[in-house]
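Visitor: Sequence first, then the predicted structure:
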Amino acid sequence: MNSSLFFNRSTLLRLLSVTLAFMATLSSCREILEPPPVDLLVDELVLNEASDVEAVRLGLYNAFRGIGAPLVIAGSFTADFIQHNGTFTVYNELGNKQITATNAAAERYWGSIYSTIYIANFIEERIATVPGVTEATKKQVLAEARFLRGFVNFLGAHTFGGIPRVTTTTIATNRNIPRATREDILNSVLADYNAALPDLPNTNANKTLAKTFATKNAVRAALARYYLYQKDWVQAEKLASEIIATGLQTMPTDIATVFFQEVDDETIFEVAYANNSSDDPGTSTFSLNDVLRGRREVIPANTFILTMLEPNAGERRQTISFDPTRQRGRDNGWSVVKYGSPDEANNNITIFRLAEQYLIRAEARAQQGRIVGTNGAQADINVLRQRAKAPNASLTTQADALLTIEKERVYELSFEGHRWYDLKRTNRIQTVMAAFSPNWNEKFTLWPIPQSEIQRNDALKGSQNPGY
Amino acid sequence: MMKYYGRIWLLCLLLTGISFGVLAQRVITGKVTSVADGSPLPGVSVLVKGTTNGTSADAEGQYRLSIPTSGTVTLAFSFIGLEPQEITVGTNRSVVNVEMAESATELNQVVVTGYNQTQRKDVIGSIASIKSDVYKDVPVVGVDQALQGRAAGVQVSQSSGTPGGGISIRIRGNTSISASNSPLFIVDGVPVQVGAVSGRDFGGQRDNTLAIINPNDIESLEVLKDASAKAIYGSRGANGVVIITTKRGRNNKTTITADVQRGVTQIIKRPQLLNSSQLVELQREAITNAGQDPDKQGIIAGVTDGVDTDWVDAVLRQGILQQYQISAAGGNDRTRFYLSGSVRDEEGVQLNNRFTRYSGALNLDHKATSKLSFGANINMAISKNNRVKGDNFLDGVYSGAIKSLPFYAPFNEQGQLYGPNSIGYAGFPNFNPVAQAVLPRFVTHGLKMIVGVNADYEIIKNLRFRTKFSMDYNNAEEDQYESSGTAIGGFLQGVGGKGYGVYITSTSYTLINSNVLTYYLSLNENHHFNVLLGNEIIHSQGRSSDVTGRLFPSDDFTYINSAGIVDAGGSFFGQNGLLSFFGEVKYDYKDRYLLGFTSRYDGSSRFGQNRRFGLFPSASAGWRISQEKFMENARFISDLKLRGSFGFTGNERIGNFQYLGTWASATYNGATGVGPNNLSNPNLQWERTREANVGFDASFWNGRFSVTADAYSNLTDNLLFAEPIPLTTGFGSIQGNIGQISNRGVELTLSSVNVDREVRWSTDLNLTHNVNNVAMLANQDTLFRGYSGNGVGGTNAVLQGQPLGTFWGLKFMGVDPATGDAIYEDVNGDGRISPEDGQVIGNAQPKLFGGFTNSVSYKGFDLSVFFQFMYGNKILNFTNTSLLNTGSDIQDNQSIAALRRWQQEGDVTDIPRYVLGNTYNSFHSSRFLEDGSYLRLKNISLGYNLPARWVTRAKMGSVRVFASATNLWTLTAYSGPDPEVSTLDGSTTAQGIDFFTLPQVKTIMGGVTVKF
């Protein structure tokens, strides 16, 4: 017989069981197609309950922390401190003053600004509606968000010029956003700082928390720097004095404490990496310890070494260290040692510390013609000189005072992200940098807007900084 | 109404029965046996020609068939894989015994088509078949390597000469920017993981799970290339499917095969570098050109070049390759088996590099009743891969050796290795490559298990149900220790300082259940239907953990138990799933007109709720012209078939949870919060490839000469892509389906038996021409991929209107004879060279590639010569950005090409002047791009079968000895050591980059195969 088209009853039963086997597989459909994520939190669940507030707040500081290394790199590597000694293009460009719009540090800096702003805006948009959170907490977290947003905008304006002013978390808006004017940005900075100041605590009983999270003095320090850059000497002096007067921060007698320890007495605000954990930046491209001491992608320039070995630098010469085994060829054997490895418990990056307040006040006072005396620049300088066990300064003219302060900032604050910004605001950058590098070009007074941003954001087309 | 028709049917049935009853009947019986060994052949179909009257042979090969008494009839015997026979039976014959032979012609050979199998002549899709015979003398590590140059449309590139390393396979071009481009591999019905299991890439080169499957356990490979063949794999089919069938026992006496292979390996070519005095002269010139004093920098002729080390020589060796395998196969009519065990041990050409594999396979088939049968396949292997760092690692071995300054020696006067902090050795970024080879322990322990059990049940005649449960289990353990004499373990205080240990465990497994119903129906012998209906559930899991330890008491302590600080570790778990239904209908009329419809409906956990399920249909048609009456005169044509197909396949291989907007953990000062991770896109779906294929298969003079040609046009849309968005959004990218990629091409396969007498000479040729093009991209801007390019965006770009693998850079116009500086094209005419002047400078896609094999046999001798080639592709010699760096730094040795640098006004050359610290002359440009075309004598092997009289005297079945050489000769204009390398193993957008990548090795070996 040929094959039949008909099924008898037992065949039907068999078919039925096969069908059941098919169906059984379907019951597990949901488990197969919707496995839950184990290490991710879905958008809708973020900042919708009280316990999320602290998590998102930490996320804010985590994002902000990203700006620490680029800030040091911009402030120190763009200027006359270093020579290139490694293999990474990003540092070769900075060391040889051949910075291009594709420089990875510029992209990192830019990215850190806006990832901080995103979370700050997220907090600003949502914090009011989170149930079960006290008003005080809401106010404080919002103040922290505004302070950090203000500070990254401030850095952005001084690094790149007028940057896009991002005020929302709406992706569509932020994808296509033109540059604001520098003034717009700086006005928003001032508004954020002033709004944040009243709602932040003076300090925290836990010393580490007091220094790694924002306090009133941190905002004041940001304001002092803001006014210094704006050449508003009166305000700068006032705020620096206020900070010093609080007595919340004090000067350790040994400069090594400041350079080689975290959360020392002097710190006003530093961004924190846990020690001996995977939280450390490790050997990433922008790990300062690796760049300066591990790979030694950059080493101190010979001129900088000579400066640091001057008697007036005193013990602050410990910023750099010499290892004869490293000295060969172009390598002068010196390294910058301010940033430690995780074992050394020195991998935080200082944003504000008390010494800077003395320097700001000294400069503000000198600019107002007060050189000597208890309210003069000289007194403030000598606070730092004495701590560094260096000879006291004796200042005469205003010009002499200003140059001394400029140098004092090198001794004290080198590799903390100041030099390039200082030279720019004092209009000394052309003179100093042209003497340092034959490749120096006026365009390097601003960093380039990252090439990728110009490509991806139509509103930025054609608005690259001049010369890039 | 229904009842009424039912009665009519019943009536018809009765009438038919009666009609049979009315006719006088006689009975024919007989036995079907194998011509080879006389064993019974169950299942052979016996049909009275011209009727629907037929039966099939039982388990003992016996059959019994009633036929009309009067007249002669013709009985047609057929079975898949056997040569069909027709026997005319006269009125007085009642016993017809038949001996059947395996198909000699390709037309009747079995082709595995996914959940089913068919004969070559009935294939409408584009399927390339490769028998494992073709590579039996080639020391391939894995099945992926075995495919190279063997099939049209299949482009295989080995990423480096590292044993057990990565291999890129592309079938009909690249279809995706960000999802995987690797084909789907199915081993005995089990989809298996390909690529790396472990996350460690060692500077570019990864591990490869396919290298853990022993290719000698494989019977055949089928490469499914067009939509009609692949649509049954739906959302996983877009990149092509490779179906691997392992060896199974046959219904005959047990055969034992022992196989021994042993040989040596060597790097095919070494890079040519400067010696110490040449380098000193060059460095002095670079320093002087920068206006500095070379003496002050301590670069002094006669002093600096006191030592002259050939580093490449110091880290390379001749490796030994050995492979031993023993297998047994056999069975009876109820149970068949295949059993094998093998060991392969390959020493890499780099010191301390070694790949060892132990594998075993067991395949069982058992027929429980005439309706129910069971089968199992177990394929297990463990591997031990002693790896060394390479490529884009400063502390690599081969890579370090190329760069290392010849001024230093590996050992000091006491014969001890120089460490990273030793006085008298170059500092960062130079590390002692010999120490980097011999001191660290980088062992990857691999385990792969492919296990499947299946049951087949014939519910009613020709209606079969098959259920299969299977598993692909992969495990990799990375056991690593870098001692204090190494770069990581001893140099970087922040990382190791005093030893550095890492241990990583990664497991990934897939569980699969498939249920398939097949039904075969033949209506009055002219209409044949093959129907298949099935469903499948696939569940995959990945688990991993890792731990890192530092600060070891001494280098005698190498496990993390002894670490002073254990400060990094983690664990992860992830899963994904696929739920599918599929069906297939194949129809042919008189074996002449063929039609096929295939479809799969897939649901994947990787996609957004709005787009979770997708349908992938295909249709195909074939016309066997040679079966037509009007072709009867054209006897020289043994087969001619036109084929066409159209359909859709997909690609779902992106990471999990890409469609969700998510926050991930973010740490600050030891506390953990959350930070934004991914933007949501609930509409995220798979890439869909629309495929159209036309082709023909022709065979002449009884298969002496055959041609297969195909032309295809494929368009992938909904390209899965992390679209870069400006950082002002707070994010770098958003996952989307944007853009289209097209692949169009033609494939040609020729095979010819040129001479078939005492001397048999055959030739096989396959050629492929594929044009890849990014047809549309929502993002109009240049997307940079690959490495960042000095002075210009990146080495690679993805651009609309350009193929994937496009190289980007400045256009190098030559060296200004007056100044010695590089001249680049100023594209935007602004009078200066900036990243804006970057442009497309070439691409890595070949215009033509293929393979060419000649086999000659004479008496017991056989000779096979296999060439493989690529034409028209560019390769980026990124190594030369260091080896011809025009003095941007003086920390690397230089290529001998630097000897023709510009030195004085009027020099006409292609190498700019050397100036220390100058990066302008080494901007990333077309200066580093070269023609990557090559023709390679991939393998030549000569075998000899010992005469049977000697062999039988020694009580053996057969003995074959052979000698084989691989990668013996290469014709190329490429200036680097090897054009067949790719530092970013597996990358599609940045393929064809040579960045300190270990060249292929050449192998010379011999072996013996003995059968009992």
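Guide: Here it is on my side, so go on. Residues are numbered from 1 along each chain as shown, chains lettered A, B, ... in the order given.
Visitor: State the phi and psi torsions of the nearest residue to residue A:184 once chain neighbours are set aside.
Guide: Ranked by Cβ to Cβ, 6 or more residues apart in numbering or on different chains and with sequence neighbours excluded, the top spatial neighbour of residue A:184 is residue A:165, at 6.0 Å. All C-beta spots, glycine's among them, are computed from the backbone N, C-alpha and C. Main-chain torsions, residue A:165, degrees, to the nearest 10: phi -100, psi 110.
Visitor: Next one: residue A:165 from residue A:454, what distance?
Guide: 17 Å (Cβ to Cβ, to the nearest Å).
Visitor: So for these two, which sits in the more crowded spot?
Guide: Legend: neighbour count by other Cβ atoms under 10 Å in any protein chain shown for residue A:165 and residue A:454, higher for residue A:454 (22 against 19).
Visitor: Spatially, what comes nearest to the more buried one if we skip its sequence neighbours?
Guide: residue A:460 (4.8 Å).
Visitor: residues from the stretch 151-300 of chain A in reach of chain B?
Guide: Contacts of the stretch 151-300 of chain A with chain B, taken as Cβ under 8 Å from any Cβ of the partner chain, map to A:164, A:166, A:169, A:171, A:174-175, A:177, A:208, A:212, A:272-274, A:276-280, A:282-283, A:287, A:289-290, A:293-296.
Visitor: Could you tell me which of those count as buried?
Guide: A residue is treated as buried here by neighbour count (16 or more other Cβ atoms under 10 Å in any protein chain shown); on that basis the buried members of those are A:164, A:166, A:169, A:171, A:174-175, A:177, A:208, A:212, A:272-274, A:276, A:279-280, A:282, A:287, A:289-290, A:293-296.
Visitor: Keep only those of those that are in helices.
Guide: When DSSP state H defines the helices, the subset of those inside them is A:171, A:174, A:175, A:208, A:212, A:289.
Visitor: Find the residue closest to the fifth one in space, skipping its chain neighbours.
Guide: Using Cβ to Cβ, 6+ apart and skipping residues adjacent in sequence, the residue nearest residue A:212 is residue A:272, 4.1 Å away.
Visitor: wait, the residue nearest to residue A:454 sits on residue B:727?
Guide: No - counting by Cβ atoms under 8 Å, residue A:460 stays clear of residue B:727, with 11.1 Å between them.
Visitor: Looking only at neighbour counts, state which of the two leads.
Guide: For residue A:460 versus residue B:727, the count of surrounding residues by other Cβ under 10 Å is larger for residue B:727: 25 against 21.
Visitor: check contacts around the closest residue to the more buried one other than its chain neighbours.
Guide: Here the nearest residue to residue B:727 in space, its sequence neighbours aside, is residue A:111; by Cβ to Cβ, 6+ apart that works out to 4.3 Å. With contacts taken as Cβ atoms under 8 Å, 6 or more residues apart in numbering or on different chains, residue A:111 has the following neighbours: A:66, B:727, B:732.
Visitor: Report how many residues lie close to the first one.
Guide: This points to residue A:66. Residue A:66 - counted by other Cβ under 10 Å - has 20 other residues nearby.
Visitor: Contact partners for it?
Guide: With the criterion set at Cβ under 8 Å, 6+ apart, residue A:66 makes contact with A:108, A:111, A:112, A:115, A:116.
Visitor: Also residue B:311?
Guide: Contacts here follow Cβ under 8 Å, 6+ apart; on that basis residue B:311 touches B:400, B:401, B:402, B:404, B:406, B:410, B:433, B:434, B:893.
Visitor: now do 10 Å
Guide: Residue B:311 is in contact with B:273, B:397-398, B:400-406, B:408-410, B:432-434, B:893, counting by Cβ atoms under 10 Å, 6 or more residues apart in numbering or on different chains.
Visitor: In helices, which of these fall?
Guide: Secondary structure of the contacts of residue B:311 is defined by DSSP H; positions in helices are B:398, B:400, B:401, B:402, B:403, B:433, B:434.
Visitor: I'd like to know how many residues surround the fifth one.
Guide: Right, residue B:403. When neighbours are defined as other Cβ under 10 Å, residue B:403 has 24 of them.
Visitor: I'd say it and residue B:881 touch.
Guide: No - here residue B:403 does not reach residue B:881: they are 11.2 Å apart, not a contact under Cβ atoms under 10 Å.
Visitor: can you list residues touching both of those two?
Guide: Counting by Cβ under 10 Å, 6+ apart, the residues touching both residue B:403 and residue B:881 are residue B:892.
Visitor: buried sites along the longest helix seen in chain A?
Guide: With DSSP H setting the assignment, residue counts place helix A:135-160 as the longest helix in chain A. Along helix A:135-160, the positions that meet the burial threshold by neighbour count (16+ other Cβ under 10 Å) are A:138, A:140-160.
Visitor: And for stretch B:65-72?
Guide: Neighbour-count burial for stretch B:65-72, counted by 16+ other Cβ under 10 Å, picks out B:65, B:67.
Visitor: ranges for the strands of chain A?
Guide: All strands of chain A, identified by DSSP state E, fall at A:40-42, A:82-84, A:267-271, A:298-300, A:320-322, A:334-336, A:349-353.
Visitor: Any chance of those strands in CSV with mean pLDDT and mean neighbour count as columns?
Guide: Formatted as CSV, those follow (pLDDT from 0 to 100; neighbours: other Cβ atoms under 10 Å in any protein chain shown):
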stretch, mean pLDDT, mean neighbour count
strand A:40-42, 75, 17
strand A:82-84, 93, 23
strand A:267-271, 95, 23
strand A:298-300, 95, 26
strand A:320-322, 94, 17
strand A:334-336, 95, 22
strand A:349-353, 96, 24
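Visitor: Ok, which of those strands comes nearest residue B:355?
Guide: The minimum distance between residue B:355 and these falls on strand A:40-42, with 36.5 Å, by Cβ to Cβ.
Visitor: what packs against the closest one?
Guide: Contacting strand A:40-42 under the criterion 3 or more Cβ pairs under 10 Å, 6 or more residues apart in numbering or on different chains; DSSP states H and E are the following elements: strand B:662-668, strand B:671-678.
Visitor: need those in JSON lines with mean pLDDT, can you?
Guide: As requested, the helices and strands packed on strand A:40-42 are exported to JSON lines (pLDDT from 0 to 100):
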{"stretch": "strand B:662-668", "mean pLDDT": "88"}
{"stretch": "strand B:671-678", "mean pLDDT": "87"}
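Visitor: between the ones you listed, which one is nearest to chain A?
Guide: Between chain A and the helices and strands packed on strand A:40-42, the shortest gap by Cβ to the nearest Cβ is with strand B:671-678, which sits at 2.6 Å.
Visitor: Adjacent strands (with direction) for the closest one?
Guide: With DSSP bridges as the test, strand B:671-678 is paired with strand B:662-668 (antiparallel).
Visitor: so the strand it pairs with versus strand A:267-271, what angle?
Guide: Calculated by axes from the mean of the first three to the mean of the last three Cα atoms, to 10 degrees, strand B:662-668 forms an angle of 140 degrees with strand A:267-271.
Visitor: Give the buried residues for strand B:662-668.
Guide: By neighbour count with 16+ other Cβ under 10 Å, strand B:662-668 contains the buried residues B:662, B:663, B:665, B:666, B:667, B:668.
Visitor: Send over it as CSV, restricted to the C-alpha atoms.
Guide: What follows is the C-alpha trace of strand B:662-668 in CSV, where atoms were taken according to Å, rounded to 0.1, in the frame of the first residue of the first chain:
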residue,chain,number,x,y,z
THR,B,662,20.0,51.7,32.2
TRP,B,663,22.2,52.9,35.0
ALA,B,664,25.1,50.9,36.2
SER,B,665,27.1,50.9,39.4
ALA,B,666,29.5,53.8,39.8
THR,B,667,32.0,54.1,42.6
TYR,B,668,33.2,57.1,44.5
